[in-house]
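In: what follows is a predicted protein model with its sequence.
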Amino acid sequence: MSLELRGITKSFGALVANDNIDLKVAAGEIHAILGENGAGKSTLMNIVYGLVQPDKGEILVDDIVQKIAEPSDALAAGIGMVHQHFMLIPVFTVAENIVLGHEVSGKLGSLDLHNAKAEIKRISDEFKFDVDPDAIVENLPVGVQQRVEIIRALIYDAKVLILDEPTAVLTPQETDGLLEIMRKLKSKGTSIIFITHKLREVKAVADQITIIRRGKIVGTASPSASQDELASLMVGRPVELSPDKSAHPMGEVVLSVRDLRIEDSTGRALVKDISFEVKTGEVLAIAGVQGNGQSELARAMINLEPHIKGSITLGQSELVGKSVRQSLHEGIAFIPESRELDGLIASLSIAENLILDLHDMPPYARGVQISPSVVGSEAEKKSKEFDIRLQSVQDPVSSLSGGNKQKVVLARELSRPVQLLVASQPTRGLDVGSIEFVHERILAERDAGRAVLLFSTELDEVFALADRIAVMYRGEIIKIVPATVSAQDLGLLMAGVEHA
Ligand SMILES: Nc1ncnc2c1ncn2[C@@H]1O[C@H](COP(=O)(O)OP(=O)(O)OP(=O)(O)O)[C@@H](O)[C@H]1O
Ligand SMILES: [Mg+2]
């Protein structure tokens, strides 16, 4: 099935998010869309899927103009979409989630649980998804949950599948699995629109590449183009994909973690009595396959985890037992893994989010009075510095694109005068130009004498920023190595092979 967009235009107030976009996706083609944060990719896809109405333009499926007023119209026309934020209900089974989706979009006829299970099994076998219809969704790894979303689209017989940044939250192994699934879907004739910021993935699977900049199509590229070429087409200037990390003297130990143990509510240890230190002017990266205790360790640094034993000292202060707020005030900047959950308050403005947790300090506050003009002008300054694409700093932060939301958290946390920066997946969802900028900023923090604790599943990022790398495996730090370690040895360590 082919998909064609003609003259799609969409404005939000004065901002033209999509400007007269023409796009053709042939049957059985993987078509990648590349573009900077805020370029208009998600808006365009939400229009195709019926979540957003365009001001102008037409959507054609097999050369026939479609009327797509809501997602059920898109599904009926054979268009499915997997969003970056999964829409599954965690406590329900796979089959229940899929039946539920059907009920919501009633036009497509009903599907009972029994039939659903058989269908799930059929699709799962056909594409080797390995999904159990009776599994409870919250017990499944993210990569499998995503396959459930894909099954949900396929069960409606989607012939065009939209994947909006599907790999942002996947491990490298899960990503490879997804790319394999995409190839298989393609071989059975499904067309795929693939949005990602990772150029390696584009080169690995795409047949066609279209580049969008500030709402307009600025060109196409062949998958044989180099990553550097793709990067500069996207951003409109050359991008340095690996930053300059100069040798830098380190100072005294500022963060000391001793025998830290983190348990879940049932008393099971997620992090097992680990110890490490970070000096001023040093970046210590915590690497490891997702799910080996890194997320809990990161959250524990500001006491976001409820069951912590052992000691975390920052300078002279013991942090364990303090509140989140007190911990931050001791001098920690914190970039959380999940910006939506821990980093932003959706109902507040961009300006307010830029000063969260700082609002009771000067220069924003005079006594108990917050000074709106200072908040506003600081916000203007930070959004320019971090190139946050917005209309007004007074708009709700929820109106921003995914990557620009991340930039709000970064702009706030990277401008705080602190001793320690804890950064979890700091560049998740960012375009290559913004990654370059954020990497430079993190190295500048280090060079200014801060201690940096970096959590990243991106090995490129770990190598680009780290002075030393601590590898976590099953809740323990199995080894701390200098950043000169080879990628192969690091890979072995991450797989739990201690003597790499
Ligand atoms: N509901 C909305 N109200 C106001 N502005 C919006 C709304 N939705 C999107 N925008 C704006 O439209 C522009 C395009 O956003 P979009 O989400 O399509 O970008 P994107 O290319 O998907 O970026 P990213 O890579 O960061 O996900 C952004 O400037 C965004 O702030
Ligand atoms: Mg987007």
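Out: Alright, I've got the coordinates. Ligands and ions are numbered 1, 2, ... in the order given.
In: got the residues of the chain near ligand 1?
Out: For the chain, the contact set with ligand 1 under C-beta under 6 Å from any ligand atom comprises 12, 15, 17, 35, 37-43, 389, 399-404. C-beta: built from backbone N, CA, C; applies to glycine.
In: rerun that using 5 Å as the cut-off
Out: Applying C-beta under 5 Å from any ligand atom, we find that the chain lies next to ligand 1 at 12, 17, 37-43, 389, 399-403.
In: report pLDDT for S371.
Out: Per-residue pLDDT puts S371 at 72.
In: that one against P363, yeah?
Out: Yes - S371 sits in contact with P363 when judged by C-beta atoms under 8 Å, with a separation of 7.3 Å.
In: looking at those two, which one has more neighbours?
Out: S371 (15 against 12; other C-beta atoms under 10 Å).
In: is it fair to say D489 lies in a helix?
Out: Yes - looking at D489 with DSSP: H, G, I helix; E, B strand; the rest coil, it is inside a helix.
In: just to revisit the earlier point, ok, of the residues of the chain next to ligand 1, which come out buried?
Out: For those, a burial check counting by 16 or more other C-beta atoms under 10 Å picks out 17, 37-43, 389, 399-403.
In: quickly list the domain ranges of this structure.
Out: 3-235, 253-494 (automatic domain parsing).
In: quick check: P166 vs Q146, distance?
Out: Distance from P166 to Q146, counting by C-beta to C-beta, to the nearest Å: 6 Å.
In: do the same with L297
Out: Counting by C-beta to C-beta, the gap from L297 to Q146 is 25 Å.
In: ok, these two, which is more surrounded?
Out: Neighbour count, other C-beta under 10 Å: between L297 and Q146, L297 has more, with 27 against 24.
In: ok, then the element right after the helix or strand harbouring the more buried one?
Out: Per DSSP states H and E: L297 is located in helix 294-300. Scanning forward in sequence from helix 294-300 by DSSP H and E, the next helix or strand is strand 308-314.
In: which element follows that following strand toward the C-terminus?
Out: Elements were assigned by DSSP H and E; along the chain past strand 308-314, the next helix or strand is strand 317-318.
In: ok, then the element right after that following strand?
Out: Downstream of strand 317-318, the next assigned helix or strand under DSSP H and E is helix 324-329.
In: off-centre distance for that following helix?
Out: Helix 324-329 has its C-alpha centroid displaced from the chain centroid by 25 Å (C-alpha atoms, centre = their mean, to the nearest Å).
In: repeat that for stretch 205-222.
Out: 21 Å.
In: what are the contacting residues of it?
Out: For stretch 205-222, the surrounding residues in contact (C-beta atoms under 8 Å, 6 or more residues apart in numbering) are 16-23, 25-26, 29-36, 39-41, 44, 179, 182-183, 194, 202, 223, 225, 229-230, 233-234, 236.
In: from those residues, which ones fall inside helices?
Out: The helices, defined by DSSP state H, take in 41, 44, 179, 182-183, 202, 229-230, 233-234 from the contacts of stretch 205-222.
In: pretty sure E498 contacts K479?
Out: Yes - E498 sits in contact with K479 when judged by C-beta under 8 Å, with a separation of 6.3 Å.
In: who has more neighbours out of those two?
Out: K479 (18 against 11).
In: list the buried residues for the helix or strand hosting the more buried one?
Out: Using DSSP H and E, the element containing K479 is strand 476-482. By neighbour count on 16+ other C-beta under 10 Å, the buried set for strand 476-482 is 476-479, 481.
In: next: stretch 480-494.
Out: Neighbour count says stretch 480-494 has 481, 483, 485, 490-494 buried, by 16+ other C-beta under 10 Å.
In: what is the end-to-end distance of it?
Out: End-to-end distance for stretch 480-494: 11 Å, by C-alpha to C-alpha, to the nearest Å.
In: what mean pLDDT does it get?
Out: For stretch 480-494, the per-residue pLDDT averages 92.
In: check the residue of the stretch 301-450 of the chain found nearest ligand 2 and give its pLDDT.
Out: Using C-beta to the ion, the closest approach of the stretch 301-450 of the chain to ligand 2 is made by G402 at 4.5 Å. You'll see G402 listed with a pLDDT of 90.
In: so it is in contact with G429, correct?
Out: Yes - the pair G402 / G429 is scored as a contact, 4.9 Å apart, by C-beta under 8 Å.
In: what touches both of those two?
Out: The contact sets of G402 and G429 overlap at 37, 84, 165 (C-beta under 8 Å, 6+ apart).
In: how close does the second one sit to P417?
Out: To tie it back to what came earlier, the one meant is Q84. Using C-beta to C-beta, Q84 is found at 33 Å from P417.
In: residues contacting A487?
Out: Counting by C-beta under 8 Å, 6+ apart, A487 has contacts 459, 463.
In: kindly recompute the last result at 10 Å.
Out: A487 makes contact with 459-460, 462-463, according to C-beta atoms under 10 Å, 6 or more residues apart in numbering.
In: so which residues on the stretch 351-500 of the chain come close to ligand 2?
Out: Counting by C-beta under 5 Å from the ion, the residues of the stretch 351-500 of the chain close to ligand 2 are 401-402.
In: near E70, how many other residues are there?
Out: Taking other C-beta under 10 Å as the criterion, the count of residues near E70 is 13.
In: on that earlier part again, any shared contact partners between P166 and Q146?
Out: With C-beta under 10 Å, 6+ apart, P166 and Q146 have common neighbours 82, 84, 174, 178, 181.
In: min pLDDT across these, which one?
Out: Lowest pLDDT among those: Q84, with 72.
In: on that earlier part again, measure the residue of the stretch 301-450 of the chain closest to ligand 2 to V409 for me?
Out: From G402 to V409 the distance is 12 Å (C-beta to C-beta).
In: again with R474
Out: Counting by C-beta to C-beta - R474 and V409 are separated by 29 Å.
In: closest approach to ligand 2 from the protein, which residue is it?
Out: In the chain, the residue that lies nearest ligand 2 is S42 (3.2 Å; C-beta to the ion).
In: for that residue, which non-adjacent residue is closest in space?
Out: D164 (5.7 Å; C-beta to C-beta, 6 or more residues apart in numbering).
In: and stretch 119-137, end to end?
Out: Distance across stretch 119-137, first residue to last, is 17 Å (C-alpha to C-alpha).
In: how far out from the middle of the chain is that stretch?
Out: Worked out by C-alpha atoms, centre = their mean, stretch 119-137 lies 26 Å from the chain centre.
In: circling back to that earlier point, what's the closest of the buried ones among the residues of the chain next to ligand 1 to L341?
Out: Among these, G402 lies closest to L341 (C-beta to C-beta), at 14.1 Å.
In: in which helix or strand would I find F334?
Out: strand 332-335.
In: for that strand, name the packing helices and strands.
Out: helix 294-300, helix 324-329, helix 402-413, strand 420-424, helix 432-447, strand 451-455 (3 or more C-beta pairs under 10 Å, 6 or more residues apart in numbering; DSSP states H and E).
In: if we can go back for a sec, pick the one among the buried residues of strand 476-482 closest to E4.
Out: The closest of those, once distances to E4 are taken by C-beta to C-beta, is V481, at 51.8 Å.
In: surely the closest one meets D489?
Out: Yes - assessed by C-beta atoms under 10 Å, V481 is found in contact with D489 at 7.6 Å.
In: just checking, what packs against the helix or strand hosting K186?
Out: For K186, the host element (DSSP H and E) is helix 172-187. Counting contacts by 3+ C-beta pairs under 10 Å, 6+ apart, helix 172-187 packs against strand 30-35, helix 142-155, strand 160-164, strand 191-195, helix 199-205.
In: count the neighbours of P306 for me.
Out: Neighbourhood size, P306 [other C-beta under 10 Å]: 11.
In: show me what contacts it?
Out: Counting by C-beta under 10 Å, 6+ apart, P306 has contacts 262-265, 299-300.
In: got those residues as TSV, with neighbour count and pLDDT columns?
Out: Listed next are the contacts of P306 as TSV, based on neighbours: other C-beta atoms under 10 Å; pLDDT from 0 to 100:
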residue	neighbour count	pLDDT
I262	22	96
E263	17	95
D264	12	91
S265	7	89
R299	23	94
A300	26	96
